[in-house]
Each structure stands twice: as C-alpha cells, then as structure tokens.
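In: give me coordinates for this.
(chains A and B)
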Amino acid sequence: MPTKEEVFEKIRTALVEALGVDEEEVTPQATLVGDLGAESIDFLDIVFRLEKAFDIKIPRGELFPEDILTDATYVQDGKVTEAGIAELRKRMPFANLDAFAKNPAVQEFGSLLTVADMCRFVEGKVEVTD
Amino acid sequence: MRFEGKTAIVTGGSRGIGRACVMRLAAEGAKVAFIYQSNQQAAESLVAELNLPEGRATALQADVRDLQRAHEIVDSLFDQWGQIDVLINSAGIVHDGLLGAMTQEQWRDVIDTNLGGTFNYCHAVTQPMMMKRRGSIVNLSSTAAEFAARGQVNYAASKGGINGLSRALAKELAPRGVRVNAIAPGMIETDMSQVVRGIAGDQIQKIIPLRRIGRPEEIAAAAAFLASDEASYLTGQVLRVDGGLSLGSH
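Out: As a prediction, this is how the structure comes out:
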C-alpha cells in the first residue's frame, strides 16, 4: 500500500518521462498543460504510464474527459454550458473546477488539471496510507 | 539483420501477404507474433516452417474485429517483450458484389475486418509505442482504394479508410517517434485475389506495365523496409507496390 508521498513520486516520474520536463518542475500546483506543456496526445501516454506504475486500469476519458468538450449538448459558442460543468464535476471529482466554471472556455479546460489533481485521481484508485 | 532484437506483430499472418511478412521479419531477426482468425493448420504450419527457437514465432488466434482481444494480446506481448517495435496490419477479406445487390452484412464484414481491424490493432499498440518513443506501423491498403473496380465498394471504402487512418495517425504519433505508413499492393498472387485473377485471366497481365502478377514476398519486402529504421524519415505515406498498375494503361 503506497503512501501519498510514494504516489506523488511515481506520478512525477511518469510526467518527467512522458513530457520530458525536469523533476523540479513537477510540483503539486503545476498545471499539466499550462506549466508542463502537455498536449492532448500526452494524456494517452501519461495514462499508460500510470497504469503500469500503479498496476491499475484507467478507462479512456476518465482522467481527462475530452468527450464532453466535443459534445454539442455540453458546449455552446466555445464555452462549456452549465450542464457541461455539472457533468465535468461528476466525472472529475478529484479536480477543482471552480476557477474554470467562472470562465468555461473550452480552450481553457486543459489548463485546469494540476499534478495535485492527478495525485487525488490515483489515490481514488489505489489504497494509500498517510 | 535489420530486425535483430526487435519485436513485431502481424495480423492476418497465416496466409498470403501477412504470411510473407511474418517470414521476412523473422528471417531478419525479429521476434514475431502473428494473428490468425480460423486457419489453425496454416498457422501451425508456418510456425513449423520457421523452425525458430521457443518464443521467436508465436501464432495467436483472434478475430481482428474484437478490440478488447486486440488490447489483451498487445498488453500481454508488451509485458512479455517489454516493447512493441513493429505492427503490420495485414488481415483483410473481400466480399464482392455490385452495390445494388450487396447486403449490409457484406458491407459490414469487409469494413469491420479491414478498416475496423486496422483501427483495433493501431489502437492497442499506440500507448506502448508512444511510451517507448519508437515504433513503426504498416497498414496494408490496396490500389483499389484509388482505382475503381466494379463490385468492390466495400473493399475500396475499407482501403480508402486505411489510407486516411494511416495519414491522420502518422500526424498524431510523429512527435512521439512512431511512424505510420501504408502499402497499396496491386494484383498479388494470393488466395484472396484468386477469383479476380481467374476471371480476368491473361488479360490482367497486359494492363500491368511489369507484365506480371506480384508475389507476396515483394509486398513483404516493401513492408519490411517501411517497418525498418531504413525508413526512419518516412511517415504518413501510401506506397504503391503494383508493378506500375496505377500508372494507367496508356
């Protein structure tokens, strides 16, 4: 059973390898897209590395539910609708969506996910100790 | 030995072009797993003919239309090998008929096997290849994708789809060191083309500038080139290997 620190270390390794960033750049507050330069295709790579590192299965779209952003029922004029925000909150309980909800432009969505969110996501999948 | 220490998966590997690809890659040092759907005898005979040490050539039964099975196979090979260097998507069928008489089942069988099967195995290898920052995918298309043939709307659509898939995927994966190309064979001496060759007889050779039907080994040679590091700057291309057929008859 890993500790929270061990979860963070494994995630940091995955991000360093997937994104080619320095270890020091991977802080809990760092955003994956804005600070670490992740592109949408990198999420596939990150997910695969997390699956291998933690021996878990992560269904497509669970960590980063991009399908909502391309669904016309949830997006109008380039912004995620209230229903879309509600769906995102349901699908991403590990992420803090408050800032995004104030300006829900689709192009801003990628910037909201932080390393800490990713840690919470993994902690929800594996049993952790303090 | 261009594939010494490399690993490869070939779909549709027990017969025709796929079989020739398996033989070529194995002869050049690759550890190969090939997928066959139903002809267990042909698969076993190929493994026996290769006569390689345990684990160098493996036959796996699967229906390429099954995405989950594709992932199971690729995940298991990745765990075993630690890398997937090459994927050759060669599984394909024909089920010809004029459109007005074509059943939905005929349409779906061909689209789901040829295009869907290619999608499934590309889908399964994408993450392992991206993770290792290397890999080469070769998808078997056909000149039928671009040059019309009566009675082949399903086959032509499936192969046209493979060309589009290959180009789009090449663009997606290029920044991660993974190359994707397609080969468009012309008339090749396989079981699949037997009916067409039988109907056309000698006439068909007259419209091929090189004046002969191609051999599966000639497609395998092109596939091995595209899969190898010799093609390291080549991605998103559809290579016609057709004896000049696509140049036209005049």
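In: so how far is chain A from B:Val238?
Out: 22 Å (CB to the nearest CB, to the nearest Å). The way it works is simple: take the backbone N, C-alpha and C, and place the C-beta from them, glycine included.
In: close to chain B: what parts of chain A are there?
Out: Chain A has residues A:Ala18, A:Glu39, A:Ile41, A:Leu44, A:Asp45, A:Val47, A:Phe48, A:Arg49, A:Lys52 near chain B, with proximity defined as CB under 8 Å from any CB of the partner chain.
In: which secondary structure state does the first one sit in?
Out: The one in question is A:Ala18. Judged by DSSP: H, G, I helix; E, B strand; the rest coil, the three-state class of A:Ala18 is helix.
In: next, the contact list for it, please.
Out: By CB atoms under 8 Å, 6 or more residues apart in numbering or on different chains, the contact set of A:Ala18 is A:Ala38, A:Asp42, A:Asp45, A:Ile46, A:Arg49, B:Met131.
In: may I ask which two of the residues of chain A next to chain B are separated the most?
Out: Maximum pairwise distance in the residues of chain A next to chain B, criterion CB to CB, is 20.5 Å, between A:Glu39 and A:Lys52.
In: those two: which is more packed in?
Out: A:Lys52 (16 against 12; other CB atoms under 10 Å in any protein chain shown).
In: phi first, then psi, for the closest residue to that one other than its chain neighbours.
Out: Nearest in space to A:Lys52, with sequence neighbours left out and distances taken as CB to CB, 6 or more residues apart in numbering or on different chains, is B:Met131 at 7.8 Å. B:Met131 has phi and psi values of phi -60, psi -40 when expressed as degrees, to the nearest 10.
In: give me the subset of the residues of chain A next to chain B lying in helices.
Out: A:Ala18, A:Ile41, A:Leu44, A:Asp45, A:Val47, A:Phe48, A:Arg49, A:Lys52 (DSSP state H).
In: quick one: neighbours of the fifth one, just the number.
Out: When you say that, I think you mean A:Val47. 21.
In: what about the nearest residue to it once chain neighbours are set aside, how many neighbours?
Out: Nearest residue to A:Val47 in three dimensions, chain neighbours excluded: A:Ile58, at 5.0 Å (CB to CB, 6+ apart). Residues lying near A:Ile58 (other CB under 10 Å) number 17.
In: same thing with the one 10 residues further on?
Out: Counted with other CB under 10 Å, the neighbours of A:Ile68 add up to 22.
In: what do you get for the one 4 residues further on?
Out: Applying other CB under 10 Å, we find 7 residues neighbouring A:Ala72.
In: three-state assignment of it?
Out: Put simply, A:Ala72 is coil when judged by three-state DSSP.
In: equivalent analysis for B:Thr58, please.
Out: Going by three-state DSSP: B:Thr58 is strand.
In: might one say that it is in contact with B:Ile35?
Out: No: B:Thr58 is not in contact with B:Ile35 according to CB atoms under 8 Å; the separation is 9.9 Å.
In: comparing the two, which shows the higher neighbour count?
Out: The neighbour comparison of B:Thr58 against B:Ile35 (other CB under 10 Å) goes to B:Ile35, with 27 against 19.
In: please report the distance of that one from chain A.
Out: The value you get for B:Ile35 to chain A, if CB to the nearest CB is used, is 22 Å.
In: so that residue: helix, strand or coil?
Out: Per three-state DSSP, B:Ile35 ends up strand.
In: burial of the closest residue to A:Ile68 other than its chain neighbours, as a residue count?
Out: Nearest residue to A:Ile68, sequence neighbours excluded (CB to CB, 6+ apart): A:Tyr74, at 5.0 Å. Using other CB under 10 Å, A:Tyr74 has 22 neighbouring residues.
In: the one 4 residues further on now?
Out: Burial of A:Gly78 is recorded as 10 neighbouring residues (other CB under 10 Å).
In: closest residue of chain B to chain A?
Out: B:Gln127 (3.8 Å; CB to the nearest CB).
In: all the strands of chain B, in order from the start?
Out: Under the criterion DSSP state E, strands of chain B are mapped to B:7-11, B:31-36, B:57-61, B:86-89, B:135-140, B:178-185, B:238-241.
In: ok, now which ones touch B:Leu234?
Out: B:Arg179, B:Asn181, B:Leu226.
In: tell me which helix or strand in chain A has the weakest average pLDDT.
Out: helix A:106-109 (a mean of 84; mean pLDDT, DSSP states H and E).
In: what comes into contact with that one?
Out: Contacts with helix A:106-109, where a contact means CB under 8 Å, 6+ apart, come from A:Leu69, A:Val75, A:Gly78, A:Lys79, A:Val80, A:Phe100.
In: buried among these? Make that a ChimeraX selection.
Out: In ChimeraX syntax, the buried subset of the contacts of helix A:106-109 is picked out as below (16 or more other CB atoms under 10 Å in any protein chain shown):
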select /A:69,75,80,100
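In: the residue in chain A that chain B sits nearest to: how many residues sit nearby?
Out: Of all residues in chain A, the one sitting closest to chain B is A:Phe48 (3.8 Å; CB to the nearest CB). Residues near A:Phe48, counting by other CB under 10 Å, number 19.
In: close enough to count as contact, it and B:Met129?
Out: No: with contact defined as CB under 8 Å, A:Phe48 does not count as touching B:Met129 (10.1 Å).
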